[in-house]
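> One predicted model, sequence on top.
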Amino acid sequence: MKWAALLSILWAALLAGCGPQTPPPLVVGMELAYPPFEMTDPHGQPAGVSVDLARDLGKHLGRQIEIQNFAFAGLIPALQTGKIDLIISSMTATEERARAIAFSDPYLNTGLCLLVGQGSTIKAIADADQPGRVVAVKMGTTGHLFAVNNLKHAQVLVLDKEDACVLEVVQGKADAFIYDQISTYENWKRNAGVTRPILEPFKREAWAIGLRRDDTNLLRQVNGFLKEYKAAGGFTRLGDRYLSEQKEAFRKLGYEFYF
C-alpha cells in the first residue's frame, strides 16, 4: 500500500508538471517622460495612454505586463538585446528604424510641426531652415532624423530632453523646436506668453508598436489585438480619458486628431 500511495503521488506530480504553464510576463519598454502618453502617477507608478494600451494588450494575450523605463534612444537597443519584448512609446514607424526592428500596424496618426518664439516671423519649416537660425531637436526622435536629413542651412541643436528644447525656444536661444503636434500644443500652453505653435504638420507620421524582427508570432498577435481594439472603440476611450481637452482644441483649430 505504501508503494501504491507513493506511485500515486508521483503520478499526480507528473501530471501537474505537464499541465498548462503560466506564460512569462510581457516586458514592455517605454520612456516614462512623455505625458499624457508615457508618464508616472503621483506614486511613481507608470501611467498614461501607452501604459493602458500595454495593459489591455496583456489582457488580450493572457499575459502579465512588466513595464521598463528607458531613455527613448535606448529603446531599440534594449529590444534588440532581449531586455524588453515590445516598444510602446509613441514611436514613429520609419524606414530607418524598420531596418533594425519590426513594426506593428500603425495605431495613431500624427505629424511633425514647430514651436517658435511668440514674436517669430517663422511660418513654415522652410522659414526655420535659414542661415543664422537654430533649430532644436530631441535626440533619437523623428524630429532629429528629419533635421539631420533635410535642414541644409540652419544650425541643428540636439538635446537629450524635450524640456531642454522648449527652454531654448523660451529663452530665445533657438528659433524653433521640431516635435509632434500634441506635444507642441502642450508646450505652447505651458509657455503661451512667449511661444507660438505652428500645428500644421510639415511631415505626416504614424506610431506603431516595435518588436524584434524574428518575433513573427507575437507580431501577428499584436496586429490582431490592434484591429479588435480599434473596432471595439478602445482608442476612442483612451482619447476621451486622457486627451479630451486636446481633441476639442484640435477640432476648433481644424486639425485632424490622433486616433
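Received the coordinates, thanks.

> wait, what's in contact with Pro197?
113-115, 184-185, 187-188 (C-beta atoms under 8 Å, 6 or more residues apart in numbering). Yep, even glycine has a C-beta here, placed from its N, CA and C like the rest.

> which residues of the stretch 1-150 of the chain score low on pLDDT?
With pLDDT under 70 as the threshold, the stretch 1-150 of the chain has low-confidence stretches at 1-20.

> Would you map the helices across it?
Listed in chain order, the helices found in the stretch 1-150 of the chain under DSSP state H, counting those that start in this stretch are 2-17, 49-61, 75-80, 95-98, 125-128, 142-150.

> which residues sit against the last one?
Residues lying outside helix 142-150 but in contact with it, judged by C-beta under 8 Å, 6+ apart, are 92, 94, 96, 112, 129, 135, 137-138, 156, 158, 177-180, 203, 205.

> Now list the buried members of those residues.
Neighbour-count burial (16 or more other C-beta atoms under 10 Å) applied to the contacts of helix 142-150 gives 92, 112, 129, 135, 137-138, 156, 158, 177-180, 205.

> Let's see the pLDDT reported for Glu245.
On pLDDT, Glu245 comes in at 86.

> helix/strand/coil for it?
Per DSSP: H, G, I helix; E, B strand; the rest coil, the local secondary structure of Glu245 is helix.

> and it, how many neighbours?
11 (other C-beta atoms under 10 Å).

> and what of Val28?
Residues near Val28, counting by other C-beta under 10 Å: 24.

> again with the one 5 residues further on
In terms of burial, Ala33 registers 16 neighbours under the definition other C-beta under 10 Å.

> Also Ile65?
Around Ile65 sit 20 other residues, with neighbours defined as other C-beta under 10 Å.

> what's the nearest residue to it if we skip its chain neighbours?
Spatial nearest neighbour of Ile65, chain neighbours left out: Gly58 (3.8 Å); criterion: C-beta to C-beta, 6 or more residues apart in numbering.

> So the one you found versus Ile67, what's the distance?
10 Å (C-beta to C-beta, to the nearest Å).

> These two: who's more crowded?
Ile67 (21 against 17).

> Which residues are in contact with that one?
Ile67 touches 27-30, 32, 46, 51, 54, counting by C-beta under 8 Å, 6+ apart.

> how about the strand or helix carrying Ala164: buried residues?
Assigned by DSSP states H and E, Ala164 falls within helix 162-170. Using 16+ other C-beta under 10 Å as the test for burial, helix 162-170 gives 162, 165-170.

> ok, the residues you listed vs Asp215, which is closest?
Set against Asp215, the nearest of the buried residues of helix 162-170 by C-beta to C-beta is Glu162 (29.6 Å).

> wait, isn't that closest one in contact with Ala136?
No. Between Glu162 and Ala136 there is no contact, the gap being 9.7 Å when judged by C-beta atoms under 8 Å.

> Could you look up the SS state of Ile198?
From three-state DSSP, the assignment for Ile198 is strand.

> so it bridges to which residues?
Going by DSSP bridges, Ile198 is paired in beta bridges with Leu114.

> Now do the phi/psi pair for the closest residue to Thr40 other than its chain neighbours.
Distances taken as C-beta to C-beta, 6+ apart place Leu32 nearest to Thr40, at 5.3 Å, with adjacent residues excluded. Main-chain dihedrals, Leu32, degrees, to the nearest 10: phi -80, psi 60.

> is it true that Leu32 touches Met39?
Yes. In terms of C-beta under 8 Å, Leu32 counts as a neighbour of Met39; the distance is 5.7 Å.

> Need the overlap of contacts for these two.
46, 48.

> circling back: using JSON lines, lay out the contacts of Pro197 together with distance to Thr216 and neighbour count.
Listed next are these as JSON lines, based on distance: C-beta to C-beta, whole Å; neighbours: other C-beta atoms under 10 Å:
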{"residue": "Cys113", "distance to Thr216": "35", "neighbour count": "26"}
{"residue": "Leu114", "distance to Thr216": "39", "neighbour count": "27"}
{"residue": "Leu115", "distance to Thr216": "39", "neighbour count": "27"}
{"residue": "Thr184", "distance to Thr216": "36", "neighbour count": "25"}
{"residue": "Tyr185", "distance to Thr216": "37", "neighbour count": "20"}
{"residue": "Asn187", "distance to Thr216": "39", "neighbour count": "21"}
{"residue": "Trp188", "distance to Thr216": "42", "neighbour count": "20"}
